[in-house]
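In: Need a 3D model of the following:
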Amino acid sequence: MANTNAVVEGGRWVRITGLQSPAGQKLNGKVGQVLNEQPTSNGRFQIKIDGDKSQGKEIKPTNFVNVSRDDLVKVCRLPAHGEGDVVDTEQPKCLLFPRDHSMFTKCSPKGNSSVMEMVGVPLMVTKTKPYTNLSGWGAGDNQKATYLMIKPNDGLAPMEWQRDVGPVLVYRPGGLDFGFYDMWAVHSFICNLLDKYGESGTFDPRSWLSPECFRRIISEETFASALNILTQDGTSTQSARPAPRPSATSLCNKRYKELRKAGMSTKEAMATARQELGLDQADNLDPGQAVGQMFGLR
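Out: Okay, the predicted model is just below:
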């Protein structure tokens, strides 16, 4: 199974403090990332400060402090198809950013995913720097990001979100947590929604695109209960039950359906899905038998 632990990527987060010059005083209180592990010859660290367009400023260690874990929130990175050599492209990667970072405070409170705004969980989807070159055919494709940007009226994403999207960050305005299982729950909901669009020309998206319907549907999934996206403030509460891990079988079934839609044969799609999730190591079940079991057959 995927590692769901959140990580800081690109350097530890720090907060600037104690600068005395007129220019420096404007930076006090801002967050940034330390770009070099060891100090320069003059004992300073290069820090990329949030909102500053420069490559970084050299600052003495006495003028910054580490941002505490309590002030960091979860953000999901969705990889592009062409990043497969360096990252698992089937899994979201959970990253940590400071709660008061401008990405949270300067974005629209409605987010930019129309579907998710309608269900009461505004999300921002923004493109980010890839880990590797994405010049190859289809390397920039990002199905999960495309799904997040579909239009409510027809289930289609704008052209700029259909091809060569590249990797994206998905996060909640206001600095609320949006973790690994939250991302899978949202993806599951949208996949089910897209199935509804394809069933007939009479489907009314308003029958699904409401906060009540969203909560009911994902609560019925194996992702159910105290997910960040099911609470008012985006954090778990002591009275809420802990969020269970989505079962490997559930994730396998979802991946199997995606591969079948992409044109794989029944047996090949099941074998691939089981291999990606490590189920081929768990037992000796033939992929054909696994497909049969999924549909209640012996």
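In: tell me which strands and helices the longest helix belonging to the chain is in contact with?
Out: Longest helix of the chain, by residue count under DSSP state H: helix 180-199. Judged by 3 or more Cβ pairs under 8 Å, 6 or more residues apart in numbering; DSSP states H and E, helix 180-199 is in contact with strand 72-78, helix 114-118, helix 143-148, helix 211-219, helix 248-261. Bear in mind the C-beta positions are built from the backbone N, C-alpha and C, glycine included.
In: Need the pLDDT of residue 95.
Out: Looking at residue 95, its pLDDT reads 97.
In: any low-confidence regions in the stretch 151-298 of the chain?
Out: 200-201, 221-250, 276-298 (pLDDT under 70).
In: Please tell me how far the nearest residue to residue 114 once chain neighbours are set aside sits from residue 43.
Out: Excluding the flanking residues, the one nearest residue 114 by Cβ to Cβ, 6 or more residues apart in numbering is residue 152, at 5.5 Å. Note on residue 152: its distance to residue 43, by Cβ to Cβ, to the nearest Å, is 55 Å.
In: again, but for residue 268
Out: With Cβ to Cβ as the criterion, residue 268 and residue 43 are 59 Å apart.
In: Which one of these two is surrounded by more residues?
Out: Between residue 268 and residue 43, counted using other Cβ atoms under 10 Å, residue 268 has the larger neighbour count: 13 against 10.
In: Determine whether the claim that that one is in a helix is correct.
Out: Yes - assignment of residue 268 by DSSP: H, G, I helix; E, B strand; the rest coil places it within a helix.
In: For the spatially most central residue of the chain, give me its contacts.
Out: Taking Cα atoms, centre = their mean, the centroid of the chain lies closest to residue 76, which sits 2.6 Å from it. Shown in contact with residue 76 (Cβ atoms under 8 Å, 6 or more residues apart in numbering): 92-95, 169-171, 178-180, 182-183.
In: Now do the SS call for residue 24.
Out: helix.
In: going forward, begin numbering at 310 instead of 1
Out: Happy to do that; since the first residue is 310 now, the last one works out to residue 333.
In: Around it, how many other residues sit close by?
Out: By other Cβ under 10 Å, 14 other residues sit near residue 333.
In: got a list of what it touches?
Out: Residues in contact with residue 333, defined by Cβ under 8 Å, 6+ apart, are residue 372.
In: Roughly how far does it sit from residue 380?
Out: From residue 333 to residue 380 the distance is 22 Å (Cβ to Cβ).
In: swap in residue 404?
Out: Counting by Cβ to Cβ, the separation of residue 404 from residue 380 is 15 Å.
In: Check residue 461 too.
Out: According to Cβ to Cβ, residue 461 and residue 380 sit 35 Å apart.
In: can you check residue 482 too?
Out: 17 Å.
In: With residue 454 instead?
Out: In terms of Cβ to Cβ, residue 454 sits 27 Å off from residue 380.
In: again, but for residue 525
Out: 33 Å.
In: More neighbours: which of the two?
Out: Legend: neighbour count by other Cβ under 10 Å for residue 525 and residue 380, higher for residue 380 (17 against 10).
In: can you pull the contacts of that one?
Out: 407-409.
In: next one: residue 500
Out: 456, 563, 566-567.
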